[in-house]
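Peer 1: Below are the sequence and a predicted model; questions follow.
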2 protein chains.
Amino acid sequence: MKNQRLNALAAAVLGIALAWSCSLHALAQSDPLPSWNDTPTKQTIVEFVGRVTKTGGPDFVAPVDRIATFDNDGTLWVEQPMYVQLAFALDRVKALAPLHPEWKYTDPFQAVLDGDMKALAESGERGLVEIIMVTHAGMTNDEFSKSATDWLASARDPRFKRPHTELVYQPMLELLSYLRANGFKTFIVSGGGVEFMRPWTEKVYRVPPEQVIGSSIKSKFQMRDGSPTLFRLPEVNFIDDKAGKPVGINEAIGRRPIAAFGNSDGDLEMLQWTTISGGVRLGAIVHHTDAEREYAYDRQSHFGHLDVALEAAAINKWTVIDMKKDWKVIFPFDKH
Amino acid sequence: MKNQRLNALAAAVLGIALAWSCSLHALAQSDPLPSWNDTPTKQTIVEFVGRVTKTGGPDFVAPVDRIATFDNDGTLWVEQPMYVQLAFALDRVKALAPLHPEWKYTDPFQAVLDGDMKALAESGERGLVEIIMVTHAGMTNDEFSKSATDWLASARDPRFKRPHTELVYQPMLELLSYLRANGFKTFIVSGGGVEFMRPWTEKVYRVPPEQVIGSSIKSKFQMRDGSPTLFRLPEVNFIDDKAGKPVGINEAIGRRPIAAFGNSDGDLEMLQWTTISGGVRLGAIVHHTDAEREYAYDRQSHFGHLDVALEAAAINKWTVIDMKKDWKVIFPFDKH
């Protein structure tokens, strides 16, 4: 009797073990990039990850050196019809206008209040910097962070009628997770303002604030009524774009990425810095080719202008991700 | 027979399980800070960690927000008789002197070559900046990193006759490990040059380059013969000292630490920023009180000047770590 019971127990344990092993096997077999079509692009990514993570292989990279950097605007989320941060700045100008009656007659604010995008464009970089300064400086960091968070909670994309933080690319979310599951540390390296991104990158991309690199204005530490604050000054600190990206990466990370993902000429130098270094590296450009599901643009676009970097992709064997061909779905809400 | 064998097997399994449980228990009981004496200082640290990690407790802090920052010079390694990086710069001046015959007659280089520390001190901040620029700029980042690494491999501390990277404080190494074992992310926040520290912090402190914040000079990205490089310019980028520390922390980490460790007035603002924020926080100052085993200095010292921050410690209830009373050993090689 006892013997039988023990045998039954042994059989049950064996059964559990077998079931467990099978489900582990199934897990290992499941596709980590389900929103990517089975194209050469996907193969290139999977093959790269396989090579650098193969213990004892010739291209093995220690986990500590598995650094991957991602541009944000147009690489992880939608940057049309204008950068999200620019929409935020324009809305802030409108919200602050009652406190600044003179703006009705002052360039570039007049253009913003009149909705005259042509006049705004004509105010050029000087106009843009003026708008950024009045909307991003003159407050504490906590106050700015709150104003960005509040705006993102209520603002809606004009075409998709959704919060901007939902207009992130599902295949890129999967790629971020896939790289992290393979021991990579994922960083955002954006021309956008670092303080504009940090309040939400952890929730949306699983990228914590200390792994977000971006442009910044100067700030100043002050004790105010016994309370320590960081106050934002109307002075540019760092522009994390073009040749600034490798500089920003070096300052913040202190070592070179082995994979980098961008979508515009602003990412050229980051891709050069990452890929031209001897070892097996992955450089990739998200090419916006899908006017139906998102947008189609490159050389002619003001936002996300892609020209020189597309030429460089061919020369340097960077992977060009064709949104239309390579991606099954664009957004998380497209999934069935 | 079969029954007996199964019973024997069950007993063996039970035995292994018991042994395993006991050793786990022993492990849990073992002291994570063996080089710290059982003083109120140690109790304060252990109690703080217990409170912020107690799930469901009133002071619980999520792992993602467990940020701890450490000054380097005088907090993690020896800063007497002069900052290690200054010794490096002076040695570099001597090494580069044959290429600069005019230095024999030019202040402040003449002072360095003559070993005239009084004249060097009289050249003031201007003199120091000149020395830093000729020894730290005008080369690629990789070249600078190599020169720092090579120097650290051969340089010896004048008193202890050991490499500087061995003159780190054993109790602080244990503290770093203890915090990390409790879900903290540990950062170095030093007035020293970030590129001078990054080549060795991972090996010595288990702090990776991306968790090292420091002072920096500007650098410029260039393609040289098809190879991407970062070239170091003779221009100050950021001074990570005093009111610069909270600014540097915010730029690099994007959230406030909940624990900070320093040893001089240069750490005052970091300690304020960390501890005056509402929740349970730990601020601590390493007080050099042990002339026999290391050094004894505070208000009168040029390097690691500690005066205002010592007054502030009493007011803000920061923990003052008394090296003589609180530490069983100073250096890793003191352990028996």
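Peer 2: Structure received.

Peer 1: C-alpha only now, for contacts and for neighbours.
Peer 2: Noted.

Peer 1: which residues touch the one helix or strand A:Leu152 maps to?
Peer 2: Assessed by DSSP states H and E, A:Leu152 sits inside helix A:141-154. Here helix A:141-154 makes contact (Cα atoms under 8 Å, 6 or more residues apart in numbering or on different chains) with A:88, A:136, A:163-165, A:195-196, A:199-200, A:229-232.

Peer 1: Please name the nearest non-neighbouring residue to the most centrally placed residue in chain A.
Peer 2: Ranked by distance to the mean C-alpha position of chain A (Cα atoms, centre = their mean), the top residue is A:Asn72 at 2.9 Å. If the residues on either side of it in the chain are set aside, A:Asn72 comes closest to A:Ser190, at 5.4 Å by Cα to Cα, 6 or more residues apart in numbering or on different chains.

Peer 1: is it fair to say that neighbour lies in a strand?
Peer 2: Yes - assessed with DSSP: H, G, I helix; E, B strand; the rest coil, A:Ser190 lies in a strand.

Peer 1: Mind checking what secondary structure A:Arg255 has?
Peer 2: coil.

Peer 1: per-residue pLDDT, the nearest residue to it once chain neighbours are set aside?
Peer 2: Leaving aside its sequence neighbours, A:Arg255 sits nearest to B:Pro209 (Cα to Cα, 6+ apart; 7.2 Å). pLDDT, B:Pro209: 97.

Peer 1: Give me the neighbour count for B:Pro209.
Peer 2: 24 (other Cα atoms under 10 Å in any protein chain shown).

Peer 1: Residue numbers of chain A in contact with chain B?
Peer 2: Within reach of chain B by Cα under 8 Å from any Cα of the partner chain, chain A has these residues: A:2-3, A:195, A:198, A:209-211, A:219-222, A:227-230, A:243-244, A:246-247, A:252-255, A:272-273, A:276-277.

Peer 1: where does chain A have its least confident helix or strand?
Peer 2: Of all helical and strand segments in chain A, the minimum by mean pLDDT, DSSP states H and E falls on helix A:2-29, at a mean of 52.

Peer 1: what packs against the very next helix or strand once past it?
Peer 2: Using DSSP H and E, the helix or strand that follows helix A:2-29 towards the C-terminus is helix A:40-53. Counting by 3 or more Cα pairs under 8 Å, 6 or more residues apart in numbering or on different chains; DSSP states H and E, the packing neighbours recorded for helix A:40-53 are strand A:319-322.

Peer 1: thinking in terms of the whole chain, how far from its middle is the strand it packs on?
Peer 2: Its chain's C-alpha centre and that of strand A:319-322 lie 16 Å apart, by Cα atoms, centre = their mean, to the nearest Å.

Peer 1: before we move on, back to that, please work out how many residues are found near the residue nearest to A:Asn72.
Peer 2: 27.

Peer 1: Just the pLDDT for it.
Peer 2: pLDDT, A:Ser190: 97.

Peer 1: residues making contact with stretch A:250-262?
Peer 2: Contact with stretch A:250-262 is made by A:65-72, A:74-75, A:213, A:249, A:267, A:270-271, A:273-275, A:280-286, B:195, B:198, B:209-211, B:252, as judged by Cα under 8 Å, 6+ apart.
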